[in-house]
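Enquirer: next input, structure requested:
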Amino acid sequence: MNTILIPILTVISVALNLYWWVVLIAVIMSWLVQLNMINTHNQIIRTIGNIVHQLTEPVLRRIRRVIPSVGNVDLSAIVLFLLILLLQQIIAQLMFKLATS
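Expert: Numbering: from 1, shown residues only. Next up, the predicted model:
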(Lines give C-alpha, C1' and ligand atoms only; values in the text may rest on other atoms or scores of the structure.)
Protein backbone atom coordinates (compact mmCIF):
# COMPACT_ATOMS: atom_id res chain seq x y z
CA MET A 1 0.00 0.00 0.00
CA ASN A 2 2.86 2.41 0.82
CA THR A 3 4.37 1.89 -2.62
CA ILE A 4 1.26 3.41 -4.18
CA LEU A 5 0.38 6.02 -1.58
CA ILE A 6 3.77 7.74 -1.31
CA PRO A 7 4.00 8.59 -5.05
CA ILE A 8 0.40 9.85 -5.03
CA LEU A 9 1.14 12.10 -2.07
CA THR A 10 4.31 13.31 -3.81
CA VAL A 11 2.34 14.28 -6.92
CA ILE A 12 -0.24 16.10 -4.79
CA SER A 13 2.55 17.95 -2.97
CA VAL A 14 4.17 19.01 -6.26
CA ALA A 15 0.78 20.15 -7.60
CA LEU A 16 0.23 22.24 -4.46
CA ASN A 17 3.67 23.77 -4.89
CA LEU A 18 2.93 24.67 -8.52
CA TYR A 19 -0.43 26.14 -7.51
CA TRP A 20 1.34 28.22 -4.84
CA TRP A 21 3.44 29.79 -7.63
CA VAL A 22 0.35 30.43 -9.76
CA VAL A 23 -1.30 32.25 -6.86
CA LEU A 24 1.87 34.29 -6.32
CA ILE A 25 1.91 35.26 -10.01
CA ALA A 26 -1.76 36.26 -9.76
CA VAL A 27 -1.07 38.49 -6.74
CA ILE A 28 1.93 40.16 -8.37
CA MET A 29 0.09 40.66 -11.65
CA SER A 30 -2.87 42.25 -9.86
CA TRP A 31 -0.51 44.68 -8.12
CA LEU A 32 1.25 45.54 -11.38
CA VAL A 33 -2.05 46.11 -13.17
CA GLN A 34 -3.32 48.35 -10.35
CA LEU A 35 -0.12 50.39 -10.49
CA ASN A 36 -0.27 50.60 -14.32
CA MET A 37 3.16 49.01 -14.57
CA ILE A 38 2.10 46.40 -17.12
CA ASN A 39 -0.01 46.95 -20.20
CA THR A 40 -3.12 44.76 -20.22
CA HIS A 41 -3.66 45.58 -23.89
CA ASN A 42 -0.61 43.43 -24.70
CA GLN A 43 -1.90 40.06 -25.99
CA ILE A 44 0.68 37.97 -24.10
CA ILE A 45 0.05 39.75 -20.79
CA ARG A 46 -3.70 39.47 -21.26
CA THR A 47 -3.44 35.74 -22.05
CA ILE A 48 -1.25 35.04 -19.03
CA GLY A 49 -3.56 37.13 -16.85
CA ASN A 50 -6.64 35.26 -18.06
CA ILE A 51 -5.05 31.85 -17.45
CA VAL A 52 -3.86 32.81 -13.98
CA HIS A 53 -7.25 34.36 -13.17
CA GLN A 54 -9.15 31.25 -14.30
CA LEU A 55 -6.89 29.02 -12.19
CA THR A 56 -7.04 31.07 -9.00
CA GLU A 57 -10.32 32.95 -8.94
CA PRO A 58 -12.66 29.99 -8.14
CA VAL A 59 -10.68 29.19 -4.98
CA LEU A 60 -10.12 32.82 -3.99
CA ARG A 61 -13.83 33.61 -4.49
CA ARG A 62 -14.79 30.88 -2.00
CA ILE A 63 -12.32 32.24 0.53
CA ARG A 64 -13.64 35.80 0.03
CA ARG A 65 -17.14 34.60 0.92
CA VAL A 66 -15.87 33.51 4.33
CA ILE A 67 -13.20 36.17 5.01
CA PRO A 68 -14.16 39.71 4.05
CA SER A 69 -11.67 42.34 2.92
CA VAL A 70 -10.09 44.55 5.56
CA GLY A 71 -10.44 48.04 4.16
CA ASN A 72 -9.06 47.83 0.61
CA VAL A 73 -6.84 44.85 1.41
CA ASP A 74 -7.87 41.44 0.08
CA LEU A 75 -6.64 38.75 2.47
CA SER A 76 -7.89 35.80 0.45
CA ALA A 77 -4.50 35.09 -1.17
CA ILE A 78 -2.78 35.04 2.23
CA VAL A 79 -5.38 32.59 3.54
CA LEU A 80 -4.87 30.45 0.45
CA PHE A 81 -1.09 30.47 0.95
CA LEU A 82 -1.62 29.33 4.55
CA LEU A 83 -4.03 26.58 3.48
CA ILE A 84 -1.55 25.31 0.89
CA LEU A 85 1.19 25.33 3.51
CA LEU A 86 -1.04 23.42 5.93
CA LEU A 87 -1.85 20.78 3.31
CA GLN A 88 1.82 20.41 2.39
CA GLN A 89 2.72 19.91 6.04
CA ILE A 90 0.00 17.28 6.48
CA ILE A 91 1.21 15.46 3.36
CA ALA A 92 4.82 15.61 4.57
CA GLN A 93 3.83 14.11 7.92
CA LEU A 94 1.83 11.36 6.22
CA MET A 95 4.72 10.53 3.91
CA PHE A 96 7.12 10.41 6.87
CA LYS A 97 4.82 8.06 8.79
CA LEU A 98 4.34 5.85 5.74
CA ALA A 99 8.05 5.72 5.02
CA THR A 100 8.98 4.75 8.59
CA SER A 101 6.27 2.15 9.05
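Enquirer: if I look at the closest residue to residue 19 other than its chain neighbours, how far off is residue 2?
Expert: Distances taken as C-beta to C-beta, 6 or more residues apart in numbering put residue 84 closest to residue 19, at 6.6 Å, once the chain neighbours are dropped. For the C-beta atoms, the positions are set from N, CA and C on the backbone; glycine is no exception. For residue 84, the distance to residue 2 equals 24 Å [C-beta to C-beta, to the nearest Å].
Enquirer: these two: which is more packed in?
Expert: The residue with more neighbours, out of residue 84 and residue 2 and counting by other C-beta atoms under 10 Å, is residue 84; that gives 16 against 11.
Enquirer: that one reaches residue 20, doesn't it?
Expert: Yes - the pair residue 84 / residue 20 is scored as a contact, 5.1 Å apart, by C-beta atoms under 8 Å.
Enquirer: not counting stretch 51-67 itself, show me its contacts.
Expert: The contact list for stretch 51-67 (C-beta atoms under 8 Å, 6 or more residues apart in numbering) reads 19, 22-23, 25-26, 29, 74-77, 79-80.
Enquirer: PyMOL command for the buried members of those residues?
Expert: In PyMOL, this line selects whichever of the contacts of stretch 51-67 come out buried by 16 or more other C-beta atoms under 10 Å:
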select buried, resi 19+23+25+26+29+74+76+77+79+80
